[in-house]
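Engineer: How does the following fold in three dimensions:
(one chain, ligands or ions: 1)
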Amino acid sequence: MPNYDASRLHIVDHPLVQHKLTLLRNKNTSTKDVRQLVGELAIFEGYEALRDLPLEDVQMETPLEPMVGKRIAGKKLAVIPILRAGLGMVDGLLTLVPSARVGHVGLCRDEKTHEPTRYFCKLPHNIQDRTCLVLDPMLATGGTLVDAIQFLRSEGVADIRCLTIVCSPKGIERVLDSDDGVKLYTCAIDRQLNKDAYILPGLGDAGDRIFGTL
Ligand code: URA
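Structural biologist: This next block holds a predicted model:
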């Protein structure tokens, strides 16, 4: 994998993230705990991905005296989970930004070619004015994420940040080479894909583990 610029590829590897990711990878972790861990990891990723949110001064008073505080300067955000596993990360992002709009992109992989087909897309109004946080826990071949990015670009979105939990080197390369402007966040870069395009060592099928459909 080429060495990508740190402004495009962000590895969120705080010790708490690594600890939670190990719990998530464990095959014996329950559905309830998987759901909670995915939500918590999404919060850490959102925290990093929104580091550059613009601030403005606000005049206010503490119980002791007036002061100038800071507040977020009205940045418009949209959280876009890729169905279905991306849904597991939505609540984490909404914990950070309760007013964010939520769009949905439904893509399924062809079992043989592993290429995506869009079956449902619904985006918030004025999507072209929003920073879009695209959520998909597993970046395997990259086909799904590349298609979602192309779809958002075709809708006029300028600022796209993709939040994943585990990536394959191949997926990272495909996504970052497909679009010069996109930013990618992940908690881990794993070794490789297997013949069925699952990430090794990975954590299995994220959708099945989050929704208990194993
Ligand atoms: N999707 C998953 O859920 N897991 C993988 O390992 C690859 C794609």
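Engineer: what's the nearest residue to Leu107 if we skip its chain neighbours?
Structural biologist: In space, and not counting its chain neighbours, Leu107 is closest to Pro116: 4.2 Å by Cβ to Cβ, 6 or more residues apart in numbering. C-beta here means a position set from N, CA and C on the backbone, and glycine is covered the same way.
Engineer: That neighbour bridge partners, please.
Structural biologist: Arg109 (DSSP bridges).
Engineer: Show residues contacting stretch 139-158.
Structural biologist: 80, 82, 105, 107, 109, 114-116, 118, 121, 123, 127-128, 130, 132, 134, 136, 160, 162, 164, 166-168, 170-175, 178-179, 181-182, 184, 186, 193, 197-199 (Cβ atoms under 8 Å, 6 or more residues apart in numbering).
Engineer: scratch that, stretch 64-75 is what I was asking about
Structural biologist: Contacts for stretch 64-75 (Cβ under 8 Å, 6+ apart): 53-61, 131.
Engineer: let's go with 10 Å and repeat that
Structural biologist: Contacts with stretch 64-75, where a contact means Cβ atoms under 10 Å, 6 or more residues apart in numbering, come from 50, 52-62, 97, 99-100, 129-131, 159.
Engineer: From those residues, list just the buried residues.
Structural biologist: 50, 97, 100, 130-131, 159 (16 or more other Cβ atoms under 10 Å).
Engineer: What helices and strands are in contact with the helix or strand of the chain with the lowest mean pLDDT?
Structural biologist: Here the helix or strand of the chain ranked lowest by mean pLDDT, DSSP states H and E is strand 104-109, holding a mean of 89. On a contact count with 3 or more Cβ pairs under 10 Å, 6 or more residues apart in numbering; DSSP states H and E, strand 104-109 meets strand 77-83, strand 116-122, helix 143-154.
Engineer: Many thanks, have a good one.
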